[in-house]
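Peer 1: Following is a predicted model, sequence given first.
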Amino acid sequence: MHSHIQTSVPFEQATHFLAAVDSDWAELIDAAGPCLLQVQPEREPYEALVRAVAYQQLHTKAGDAILARLLNLYGGKFPPPSELLATEVDTLRACGFSGRKIATIHGIAQGVSDGIVPSRLQAEQMTNAALIHQLVQLKGIGQWTVEMLLMFALGREDILPVDDLGIREGYRRLKSLDVAPTSNAMKLLGEPWSPYRTVASWYLWRMPRNNI
């Protein structure tokens with residue numbers, strides 16, 4: 001149905017596969033070194049989605065700070081959906097969440113009891129396409145956010161977030177193109193990297209700004 005990232009020497013096979021695609025890939029992998037993508041298998045989809053929303057359209061450092069302030073409200077632990085729903089908008093705004101993001105994370109918390117946000121056990125039994133279809137029903141949740149859940153919480157190994165600017169810009173630099181490919185073009189360009197498109201994404205995010 002779908003493949004998961006293996007945790008014992010997790011990316012060696014994927015790295016060899018991608019390095020054999022062409023010389024550009026071989027050079028990128030040689031320069032970037034081993035894939036260090038970290039999967040958080042203990043995270044429930046609810047938590048993974050809220051965390052992904054915190055980072056939407058922000059630098060990692062800013063997202064880290066918002067999450068730290070959020071966790072501090074609950075004694076350093078991630079709040080269950082009921083607690084998050086009960087937290088006042090002004091309290092969440094003081095953590096650094098925008099009004100739109102507060103509505104989104106409250107919607108995610110509500111989506112748990114409404115049966116839209118599955119448990120980890122349920123999510124494990126669902127295909128990538130089924131999870132995307134179900135979760136984008138939530139206001140403020142697009143395909144990119146679900147793809148982050150698939151990659152970093154569920155460990156699905158064949159995900160290529162084609163709407164991600166960093167992915168498309170990484171490919172532009174990899175191939176010394178004048179313009180980054182569109183999302184639709186990226187989907188086609190990434191087909192030869194299957195079944196290891198998650199690892200390919202990790203490497204494209206690390207493509208140096210100056211071509212190797």
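Peer 2: Perfect, thanks for sending it.

Peer 1: Show me the shaky parts of this protein.
Peer 2: Within the chain, the stretches with pLDDT under 70 are 1-10, 209-212.

Peer 1: For Lys139, the count of nearby residues, please.
Peer 2: 12 (other Cβ atoms under 10 Å). The C-beta positions use only the backbone N, C-alpha and C, and glycine is treated the same way.

Peer 1: Which element, helix or strand, includes it?
Peer 2: Using DSSP states H and E, Lys139 maps to neither a helix nor a strand.

Peer 1: How about Ala26?
Peer 2: Going by DSSP H and E, Ala26 is in helix 23-32.

Peer 1: Identify the spatial nearest neighbour of the most centrally placed residue in the chain, chain neighbours not counted.
Peer 2: The centre of the chain sits closest to Met148, judged by Cα atoms, centre = their mean, with a distance of 1.6 Å. Spatial nearest neighbour of Met148, excluding adjacent residues (Cβ to Cβ, 6 or more residues apart in numbering): Ala52 at 4.4 Å.

Peer 1: moving C-terminal of the host helix or strand of the one you found, what's the next helix or strand?
Peer 2: For Ala52, the element it lies in under DSSP H and E is helix 45-55. Tracing the chain past helix 45-55, the next element assigned as helix or strand by DSSP H and E is helix 60-73.

Peer 1: what does the next helix or strand after that following helix contact?
Peer 2: Counting by DSSP H and E, the next helix or strand C-terminal to helix 60-73 is helix 81-86. Identification of contacts with helix 81-86 by Cβ atoms under 8 Å, 6 or more residues apart in numbering yields 46, 50, 74, 105-106, 108-110, 112-113.

Peer 1: So which of the residues you listed is the closest to Tyr171?
Peer 2: Val50 (29.5 Å; Cβ to Cβ).

Peer 1: Pull the contacting residues for the closest one.
Peer 2: Val50 touches 78, 84, 105, 108-109, counting by Cβ under 8 Å, 6+ apart.

Peer 1: Can you tell me the closest non-neighbouring residue to Ser119?
Peer 2: Nearest non-adjacent residue to Ser119 (Cβ to Cβ, 6+ apart): Glu44, at 6.5 Å.
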